[in-house]
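J.: no sequence on this one, just coordinates:
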DNA sequence: ATTATTTGCTTAACCGTTTTCGTAAAAAGA
DNA sequence: TCTTTTTACGAAAACGGTTAAGCAAATAAT
């Protein structure tokens, strides 16, 4: 490296590059000049090894080809970049086996901290807990494990679902179906409860059969949804609590020639920028994805910097209901 | 670590974990058992430091909240995961200054190889060249630097644009406008040339003013596009060569009450899953984003594994024209 | 029985930094 | 002038692994 080119010790070079006061201005310049000339960059792993820091955070997500998660990454990156950290993207593809493998890998110290939105299969939170006990800060976002005591960033799932249902009912819907995917996720529970609340508030009884579990497979979903909308007592209102179900319900209606919003009104939990361009434009519950990413990252850095003022409650950032054509005539 | 817990040397432990033949079956089991029990994972940076490998590749992209790039990441991840590599996501936000900073950072050996789609501002390829000269394999995808001799994965931009134009003309369009963003990118040139080819093939002369440079700012684009569609001689066909311009043209038409496809037919280069749900559904040139990511990563690993059979020509994976409602009555 | 080989482990060097400590030379104080 | 302090640097250890080389004991060959 630079050291012997300049007839200096590596110690001196290292100190010169970090602007240590121990080094004379003259040699410091010499080092800096040559460093610039040779385009020298210190090996981050060597330095990381020495001071036990990787300056890297891992972001564990179910998938990336989803506009919610993509926007979250954007938010995380904004903060990480400012802090001089790097982000490692790890995808679980909704598999808890992969998730565990990823967490296991992370035990080695590859990342200083972890942001995670758990897979829909995840029931056992112990692998996460173990990492936490190892001293690695973890922040959950969106899909959290309720039994782990750490920082969390979520949106107001209960209230969003309640508002969505409320909106449909106020628009004249008599029977509202709720589509969801992952029965084990707390966000699903929250949303289901919000739905129930709105229904009972309107003196309407909800049927268990109107709370419909869908899958990650579009083909299966298509069967479920055409069954739902083609049946004799199809709902006149549908809430898709996950983005990927929006496509499904729209296609099913299109196919069955069920008019939106005439015969059925639809609300989607969605961050699609194209929601306003859909046919008809989609009324959405839009999650503050970018902000959630930023806040989650900020909380993580607060812990990494030692100033962890852990509040007991998760940080809740509200979603907004954007009314569009799919719920108004 | 495990070594002194087992009264063994670290060397023995290391070899046991890597299944070296030098270690007896008995002690190997002892090590493996304790490793499992303690959930031991070797520090990747320490080992990386020793064998000068990070088992990490960097993916440099302009942005991530774009369905094309999100799908590319998916493809890259599929390959990287199989090879036991990790992926570092770095966003340039279309700024060449940021891009240079990222490349500079990567000189330190943080990643063994690089996948890059250059920012729209990038004109000077020397920072990339320097990394390459340092021995770090680089693979371009989509937005390439033509003057750098390395593996590249692109789609058939010329042909796609030609086909798109051809399609509009065959549908009766007399005046087709081409919207693009980054004048300096080779993909823009290719697409513009393909457009010109189709026009001259139909004995139509294209006007320079129909090849319209847009920006990254939606507000500015909105002004440009309402100007275009609201003017006295608005085109009867529009090709949006980048996804983010699709929203712009749809909104402009919606606002000006210009009917699609009645008054103007629209084709978008887009990977939006919701293209079929737009109002009207969008005829697209869809890029094989996932495959491009996979192929680019595969090429990179081929180089990393030393079996670099560099073909002179970029790998071209064709896009497909999907005809939908925005170009047919 | 003696030598050669194999087996199974340890010692030590190494990767590229950072950091502590030591120490000359220079500057300051007595 | 002699001691003390400061300045500016180098030597060496450390980070946590990997790997080449060395070495004793067990096994095989002669």
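T.: Perfect, thanks for sending it. Everything numeric here is computed off the predicted structure, so don't read it as measured data.

J.: So which elements touch the helix or strand where residue A:76 lies?
T.: According to DSSP states H and E, residue A:76 maps onto helix A:67-82. Contacts defined by 3 or more Cβ pairs under 8 Å, 6 or more residues apart in numbering or on different chains; DSSP states H and E place helix A:67-82 against strand A:56-61, strand A:86-91, helix A:289-304, strand B:86-91. C-beta here means a position set from N, CA and C on the backbone, and glycine is covered the same way.

J.: Can I get those in a markdown table including mean pLDDT?
T.: Listed next are the helices and strands packed on helix A:67-82 as a markdown table, based on pLDDT from 0 to 100:
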| stretch | mean pLDDT |
| --- | --- |
| strand A:56-61 | 98 |
| strand A:86-91 | 98 |
| helix A:289-304 | 97 |
| strand B:86-91 | 98 |
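
J.: Need those in a markdown table (columns: distance to DNA strand C and mean neighbour count).
T.: Formatted as a markdown table, the helices and strands packed on helix A:67-82 follow (distance: least, Cβ to the nearest atom of the strand, whole Å; neighbours: other Cβ atoms under 10 Å in any protein chain shown):
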| stretch | distance to DNA strand C | mean neighbour count |
| --- | --- | --- |
| strand A:56-61 | 16 | 25 |
| strand A:86-91 | 16 | 24 |
| helix A:289-304 | 16 | 22 |
| strand B:86-91 | 18 | 23 |
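
J.: need the ones you listed in a markdown table with distance to residue A:32, can you?
T.: Output for these, formatted as a markdown table (distance: least, Cβ to Cβ, whole Å):
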| stretch | distance to residue A:32 |
| --- | --- |
| strand A:56-61 | 26 |
| strand A:86-91 | 24 |
| helix A:289-304 | 29 |
| strand B:86-91 | 25 |
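
J.: circling back: mean confidence for the helix holding residue A:76?
T.: Computed over helix A:67-82, the mean pLDDT rounds to 97.

J.: for stretch A:244-253, same thing?
T.: What stretch A:244-253 shows for mean pLDDT is 95.

J.: which residues are in contact with it?
T.: A:66, A:179-181, A:214, A:216, A:218, A:221-222, A:225-226, A:228-230, A:238, A:240, A:258-260, A:264, A:266, A:268, A:270, A:272, A:278-279, A:282, B:273-274, B:276-277 (Cβ atoms under 8 Å, 6 or more residues apart in numbering or on different chains).

J.: run the last query once more with 6 Å
T.: A:179, A:214, A:221, A:225-226, A:229, A:238, A:240, A:260, A:266, A:268, A:270, B:277 (Cβ atoms under 6 Å, 6 or more residues apart in numbering or on different chains).

J.: just stretch A:114-130 next, same as before
T.: By Cβ under 6 Å, 6+ apart, stretch A:114-130 touches A:58-62, A:92, A:94-96, A:99-100, A:103, A:138-143, A:145, A:147-148, A:182, A:184-185, A:296.

J.: and if you look at stretch A:38-50?
T.: A:2, A:54, B:45-46, B:48-49, B:107-110.

J.: Now, of the residues you listed, which are buried?
T.: A:2, A:54, B:45, B:48-49, B:107-110 (16 or more other Cβ atoms under 10 Å in any protein chain shown).

J.: Please type out the PyMOL selection for whichever of the contacts of stretch A:114-130 turn out to be buried.
T.: Only the buried entries of the contacts of stretch A:114-130 go into this PyMOL selection, using 16+ other Cβ under 10 Å:
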select buried, chain A and resi 58+59+60+61+62+92+94+95+96+99+100+103+138+139+140+141+142+143+145+148+182+185+296
